[in-house]
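Student: model the structure of this input:
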Amino acid sequence: MTFRTLCLLSLAVPLALAACSPSTTSPAPVRLVVAIQPTLAADEMLEKARPLEAWLEQALPGTDVQIYVPLSQAGVIEALRFGQAHVAFMGAWPAYLASRLGGAELALAEVREVLIDDEPVHETFYFSYWVVPQGSAAKTLTDLQGRRACFPSPISTSGYVAPLGRLVELGLVTKPDGGEADPASFFGEVRFGGGYAQCWEALKGGQVDVTVIAGDVPATLYKDVLAETRVVERQGPIPSHAVLLSREFEGPLRQQVVDALLRLGDEEHRPLMRQFVSGIFVGFERSDADTHLAQLRTYLDQGGLRFTERLATP
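Tutor: Sure thing, here's the model as predicted:
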């Protein structure tokens, strides 16, 4: 055997062995899109999402997790409906619409650190309260007919949907056939302040006579309001936020995602959600739309409300 032949064999043997060996190329990761309802500018939310994204990829080996922030809550619903998002973290009203109109499955309800009356509790629901200044002559909502009211937002579940439903329940506001109940038919003036804190400022400043406060706002705001006001009515239970799964999301990864999200309630993982999605997050518990959203459905039927929102201007 010549030197040249030996050299050729020394090259050929490793190549032949490599050709016979199983492929060492790793399979492409499976893509998982998680949609988050927009509460801040998309860039800011995506930056805050990175630790959660990285944790999910670690908890779900072989998965490329992409957190997606649509421009609107309606965008989250549509992303679920058409399978562009597999999973979504949503408020109660959009969750109801995603379930009813988009066929999405409500898999998990968020357990939150909320205040019910004077007690801090961990629950998947909470209440909101009508409050008046302590010196007000009003003892009940009935006494406030023709007065000025402030609601945080027309798409707030606890700040508008449930309070309006309560007005209808009490017979103070009537829903017209095929239309929406209008609190202006009872109050003399209705304004939307843009948040609970803004309505509280309006009440303190004497610009309105009644407003609403909810048990899921920051504890300092909640306690400040209750310390200087009197509760004349309350409504609830109001459901917390939820996790929805697209009906297009199939296969074993679906259950693996649910199991991983349940582990976010472990004390060492909880900050991932508190720093990004919900500052009062405690954990998730398994649920379904019929159980978690039953009272919300009642309030929506009472008020005949239709979901509308404005896109944020750039």
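Student: where does the stretch 1-150 of the chain have low pLDDT?
Tutor: For the stretch 1-150 of the chain, applying pLDDT under 70 flags the ranges 1-26, 39-41.
Student: what are the ranges of the helices in it?
Tutor: 3-20, 42-59, 73-81, 92-100 (DSSP state H, counting those that start in this stretch).
Student: which strands or helices does the second one pack on?
Tutor: Packing contacts for helix 42-59, counted by 3 or more CB pairs under 8 Å, 6 or more residues apart in numbering; DSSP states H and E, involve strand 30-36, strand 63-68, helix 252-263, helix 270-274. From N, CA and C alone the C-beta is placed, and that goes for glycine too.
Student: now do the end-to-end distance for stretch 152-161.
Tutor: Taking CA to CA, to the nearest Å, stretch 152-161 runs 11 Å from one end to the other.
Student: same check on stretch 166-179?
Tutor: 17 Å.
Student: can you check stretch 263-277 too?
Tutor: Start and end residues of stretch 263-277 are separated by 15 Å (CA to CA).
Student: any idea how far Ala95 is from Leu144?
Tutor: 31 Å (CB to CB, to the nearest Å).
Student: actually, Lys175.
Tutor: 19 Å.
Student: who has more neighbours out of those two?
Tutor: Leu144 (23 against 19; other CB atoms under 10 Å).
Student: thought Phe187 was touching that one, still the case?
Tutor: Yes: using CB atoms under 8 Å, Leu144 is in contact with Phe187, at 6.9 Å.
Student: shared neighbours of the two, which are they?
Tutor: The contact sets of Leu144 and Phe187 overlap at Val210 (CB atoms under 8 Å, 6 or more residues apart in numbering).
Student: residues in contact with Ala162?
Tutor: Ser128, Gln235, Gly236, Ile238, Gln295, Leu296, Tyr299.
Student: tell me which element it falls in.
Tutor: Per DSSP states H and E: Ala162 is located in helix 162-169.
Student: quick one: contacts of the helix or strand following that helix?
Tutor: Going down the chain from helix 162-169, the next helix or strand is strand 189-192, by DSSP H and E. Here strand 189-192 makes contact (CB under 8 Å, 6+ apart) with 147-154, 160, 183-184, 202, 208.
Student: what do you get if the cut-off is 7 Å, keeping everything else the same?
Tutor: If you take CB atoms under 7 Å, 6 or more residues apart in numbering as the criterion, strand 189-192 is touched by Arg148, Ala149, Cys150, Phe151, Ser153, Pro154, Pro183, Ala184, Val208.
Student: tell me how far Ile67 lies from Arg274.
Tutor: Distance, Ile67 to Arg274, by CB to CB: 16 Å.
Student: the two: which is more packed in?
Tutor: A direct count of neighbours by other CB under 10 Å for Ile67 and Arg274 places Ile67 higher, at 21 against 15.
Student: which non-adjacent residue is nearest the more buried one?
Tutor: Excluding its sequence neighbours, the residue lying closest to Ile67 (CB to CB, 6 or more residues apart in numbering) is Ala49, at 4.1 Å.
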